[in-house]
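Novice: Sequence first, predicted coordinates after that:
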Amino acid sequence: MTIRVKTYKLGQKTAVFLSLFLVLLSASACSGRQNQPTNDTAVTVTAEPAATAVGETTLVVTLTDASGQPVSDATVQVRGDMTHAGMTPVLRTGLPTEPGVYSVPFEWTMAGDWIVTVDFTLADGRSGTETFNFSIPTS
């Protein structure tokens, strides 16, 4: 029985590309500080006006720490997704209005069930994500 082994010559461009890829992969594995998740921040979301309907609304995101104190100086991102496929998500940024309270101009683009995801990053780099369900009635 004869075993044949094929060898391939890599072109110079391919070899350079592979080398660069491996260097970048190694660098990303050794990168600096990553955001650490937080489990001690409570998140609440309410819609104003409270009677939700298709159209413009304001979501009010409140962040509090484990002792119930407001969490200020956070970055708050909100993503709204319909529960069925095919809809473009609504992406918005929260603006601080008072300590621990962030106002998010938002638009319910159609009636139905929505999943609102709140991503936040605290001033110390810790981050978290919470999801909330809203049901927007037909007019």
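Specialist: Now that the structure is in, tell me what you want to look at.
Novice: would you list every one of the strands in the protein?
Specialist: 42-48, 55-64, 75-82, 90-93, 95-98, 101-108, 112-121, 127-136 (DSSP state E).
Novice: Mind putting those strands into a markdown table with mean neighbour count?
Specialist: In short, each C-beta sits where N, CA and C put it, glycine included. Output for these, formatted as a markdown table (neighbours: other Cβ atoms under 10 Å):
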| stretch | mean neighbour count |
| --- | --- |
| strand 42-48 | 15 |
| strand 55-64 | 18 |
| strand 75-82 | 19 |
| strand 90-93 | 14 |
| strand 95-98 | 12 |
| strand 101-108 | 19 |
| strand 112-121 | 18 |
| strand 127-136 | 15 |
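Novice: Mind putting those into a markdown table with mean pLDDT?
Specialist: Shown next, in a markdown table, are the strands of the chain (pLDDT from 0 to 100):
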| stretch | mean pLDDT |
| --- | --- |
| strand 42-48 | 95 |
| strand 55-64 | 96 |
| strand 75-82 | 98 |
| strand 90-93 | 98 |
| strand 95-98 | 98 |
| strand 101-108 | 97 |
| strand 112-121 | 97 |
| strand 127-136 | 96 |
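Novice: residues contacting the residue nearest the centre of the chain?
Specialist: For the chain, D119 is the residue whose C-alpha lies nearest the centre (Cα atoms, centre = their mean; 4.6 Å). Contact analysis of D119 by Cβ atoms under 8 Å, 6 or more residues apart in numbering lists 76-79, 127-129.
Novice: Would you mind measuring from it to S67?
Specialist: 23 Å (Cβ to Cβ, to the nearest Å).
Novice: Ok, P96 next?
Specialist: 20 Å.
Novice: neighbouring contacts of stretch 58-76?
Specialist: Counting by Cβ under 8 Å, 6+ apart, 40-48, 78, 92-94, 96, 98-106, 116, 118-123 sit against stretch 58-76.
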